[in-house]
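Colleague: show me the folded form of this:
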Amino acid sequence: MTAPKQFASYVDANAESYIQRLAKAVAIPSVSGDAKYRQHVFDMADFLVNEMRSLGINVHKVDLGKHVLDGEELQLPPAILGSIGNDPKKKTILLYAHYDVQPALLSDGWDHEPFRLTPDPKTGRLYGRGASDDKGPLLGWLNVVEAHVKSNIELPVNLKFCFEGMEESGSDGLDDLIKAESPKGKFFDGVHAVCISDNYWLNDRTPCLTYGLRGISYYKVSVSGPARDLHSGVFGNTVHEPMTDLIHLLGKLVTPTGEIKIPGLANLVAPLTEEERKRYEVIDYSVADVEHSAGARVAISDDKVRVLTGRMREPSLSIHGIEGAFSAPGAKTSVAKTTSKGKFSIRLVPDMTPELVDPIVINYLEGEFAKLNSKNKLKIENLHGGKPWVTDPGHWNYKAAIKATETIYKKTPDLTREGGSIPVTLTFAEALGVNVLLLPMGRGDDGAHSTNEKLDRSNYIEGTKLLGTYLHEVGAISIV
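Modeller: This is a model prediction of the structure:
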């Protein structure tokens, strides 16, 4: 069921006011990962609560407690829970988004003040931190409600909202809230499906729906030995050097072509079915798209399917950095510091979990270290982890989104799995026992987390129509 024509007409007629709403949101520097900005995150929560109440949404803030950031105890930003409609004959759809953003400074290389929405009339781009991730999509839902309320169009479903202010910093406190509010009689009771708009098209031309995300296990490897820095001319070839041991271990993790060298991990990966392989073959994406995004011709393979499966449904191992190494100008000749530390992560896919992966990784590194016969000491830590998520793209929730996308963009969306992680997706799926849909608004070149983040005006306005049309398609589907 396509949304009424009055809905799209209202969106078009009020496009400028929607952009002004986004400008107000972008102007609030709601950076969750920096204590200096914490009050601004609370200001953003207040802004949203006021906007939601003005549209007739029943809304309240939930205290999530405190946490420690850079040694300072801080109040966590509140979760915002809201609802509109309680018709038992209608489905209830839960909408999730986040209102915090990544740090951004003009000195980072931005062409405009990052916390001032800057339209480019020539390209239609709306530049500003959070425009695409995730304030534009979040406000898209409020735009949808406004268009219905002010056009006297009945909402086709009951809506519940869950907005958080810590997604960019680990979603502290949110998992516990979701689990506490999931039992019968609690806030999330009665939800039929979840929709999240916190991801992006693969490119700048073809919309997509995402039905899977990779998880992560993040490790720190420490090798310690000498009690102090040592002179390489005096102690070189005399003592076991921590940095030498560390580099050897890191070199045992992954090949230059991305093959993980840790035995046993590949056995945990769910096999690729023929049906899934066909999805990768028809996705509108190419090796050239990969290299355009990377800024250089560095793709591991010229085979599109190999590249896509490497990003979406195979594990990857990335080495992120080394601590304790000399990196200043000049030519210091000391043996590396008493403890050398390396950090790496493995992106997990079904059926891998941190609980299964950790012992394999730790045993492998301990075994390789033992082969060195080094008198240094090894310590391996898992700093954080999250499970992968995958769902059925044949579910009615996805069928509704496919129809809505075809209506708005005149294209059938690609069905994708993503290489990154949104841990709350799995939390909703497990706690509520319902299907979760990732329905993106932005494009693959939006530059989320980067300098000059943007959201195209057309994606913001047409994306608002997409979100509303999706709700009407959902409302029209009969489920048993």
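
Colleague: grab the nearest non-local neighbour of residue 203.
Modeller: residue 444 (4.7 Å; C-beta to C-beta, 6 or more residues apart in numbering). Backbone N, C-alpha and C define where each C-beta goes, glycine included.

Colleague: I figured the one you found hits residue 206, correct?
Modeller: No - between residue 444 and residue 206 there is no contact under C-beta atoms under 8 Å: 9.3 Å.

Colleague: wasn't residue 436 part of a strand?
Modeller: Yes - counting by DSSP: H, G, I helix; E, B strand; the rest coil, one finds residue 436 located in a strand.

Colleague: since we're on residue 222, how many residues are nearby?
Modeller: 18 (other C-beta atoms under 10 Å).

Colleague: let me fix that, I meant to ask about residue 472.
Modeller: 22.

Colleague: looking at the helix or strand hosting it now, give me its mean pLDDT.
Modeller: Element membership of residue 472 [criterion: DSSP states H and E] is helix 457-476. Averaged over helix 457-476, pLDDT sits at 98.

Colleague: so how far is it off the chain centroid?
Modeller: Once both centres are worked out by C-alpha atoms, centre = their mean, to the nearest Å, helix 457-476 turns out to sit 21 Å from its chain's centre.

Colleague: also stretch 37-45?
Modeller: A distance of 21 Å separates the C-alpha centroid of stretch 37-45 from that of its chain, computed with C-alpha atoms, centre = their mean.

Colleague: my read is that residue 284 contacts residue 201, right?
Modeller: No - judged on C-beta under 8 Å, residue 284 makes no contact with residue 201 at a distance of 9.2 Å.

Colleague: out of these two, which sits in the more crowded spot?
Modeller: Legend: neighbour count by other C-beta under 10 Å for residue 284 and residue 201, higher for residue 201 (24 against 16).

Colleague: which ones are touching that one?
Modeller: Residues in contact with residue 201 (C-beta atoms under 8 Å, 6 or more residues apart in numbering) are 207, 208, 440, 442, 443, 444.

Colleague: now the fourth one. Nearest residue, chain neighbours left out?
Modeller: Just to be clear, that refers to residue 442. With sequence-adjacent residues excluded and distances taken as C-beta to C-beta, 6+ apart, residue 442 is closest to residue 132, at 4.0 Å.

Colleague: what is the burial count for the one you found?
Modeller: Neighbouring residues of residue 132 were enumerated by other C-beta under 10 Å; the total is 28.

Colleague: measure residue 32 to residue 79 for me?
Modeller: Distance of residue 32 to residue 79, computed by C-beta to C-beta, to the nearest Å: 13 Å.

Colleague: residues bridging contact with these two, i.e. touching both?
Modeller: residue 165.

Colleague: looking at the two, which is more packed in?
Modeller: Using other C-beta under 10 Å, the more surrounded residue of residue 32 and residue 79 is residue 32, with 29 against 23.

Colleague: I figured the more buried one hits residue 166, correct?
Modeller: Yes - using C-beta under 8 Å, residue 32 is in contact with residue 166, at 5.1 Å.

Colleague: got any residues that touch both of the two?
Modeller: Shared between the contact lists of residue 32 and residue 166 (criterion: C-beta under 8 Å, 6+ apart) are residues 77, 100.

Colleague: dihedrals phi and psi, residue 355?
Modeller: Residue 355 adopts backbone torsions of phi -70, psi -30, taken as degrees, to the nearest 10.

Colleague: for it, give its distance to residue 382.
Modeller: From residue 355 to residue 382 the distance is 10 Å (C-beta to C-beta).

Colleague: out of those two, which sits in the more crowded spot?
Modeller: Neighbours per residue (other C-beta under 10 Å) separate residue 355 from residue 382, with residue 382 holding more: 15 against 10.

Colleague: tell me the SS of the more buried one?
Modeller: Three-state call for residue 382 (three-state DSSP): strand.

Colleague: now do the helices in the stretch 351-480 of the chain.
Modeller: Under the criterion DSSP state H, counting those that start in this stretch, helices of the stretch 351-480 of the chain are mapped to 354-370, 396-409, 423-432, 457-476.

Colleague: out of the ones you listed, the one nearest residue 312 is which?
Modeller: helix 423-432 (14.7 Å; C-beta to C-beta).

Colleague: the closest one: how far from the chain's middle?
Modeller: Taking C-alpha atoms, centre = their mean, the mean C-alpha location of helix 423-432 is offset from the chain mean by 14 Å.

Colleague: give me the mean pLDDT for it.
Modeller: Mean per-residue pLDDT for helix 423-432: 94.

Colleague: now swap in stretch 61-73 and tell me
Modeller: 95.

Colleague: and it, what's buried?
Modeller: Residues of stretch 61-73 classed as buried: 61, 62, 64, 69 (neighbour count, 16 or more other C-beta atoms under 10 Å).

Colleague: between these, which is nearest residue 17?
Modeller: Nearest to residue 17 among those is residue 61, at 25.2 Å by C-beta to C-beta.

Colleague: hang on, the closest one in a strand?
Modeller: Yes - under the criterion used here (three-state DSSP), residue 61 sits inside a strand.

Colleague: who touches the residue lying closest to it once chain neighbours are set aside in this structure?
Modeller: Nearest residue to residue 61, sequence neighbours excluded (C-beta to C-beta, 6+ apart): residue 78, at 3.8 Å. Applying C-beta under 8 Å, 6+ apart to residue 78 gives the contacts 42, 45, 61, 62, 63, 64, 165.

Colleague: still on that earlier bit, give me the helices and strands touching the helix holding residue 472, please.
Modeller: helix 5-13, helix 15-26, strand 125-127, helix 136-150, strand 193-196, helix 396-409 (3 or more C-beta pairs under 8 Å, 6 or more residues apart in numbering; DSSP states H and E).
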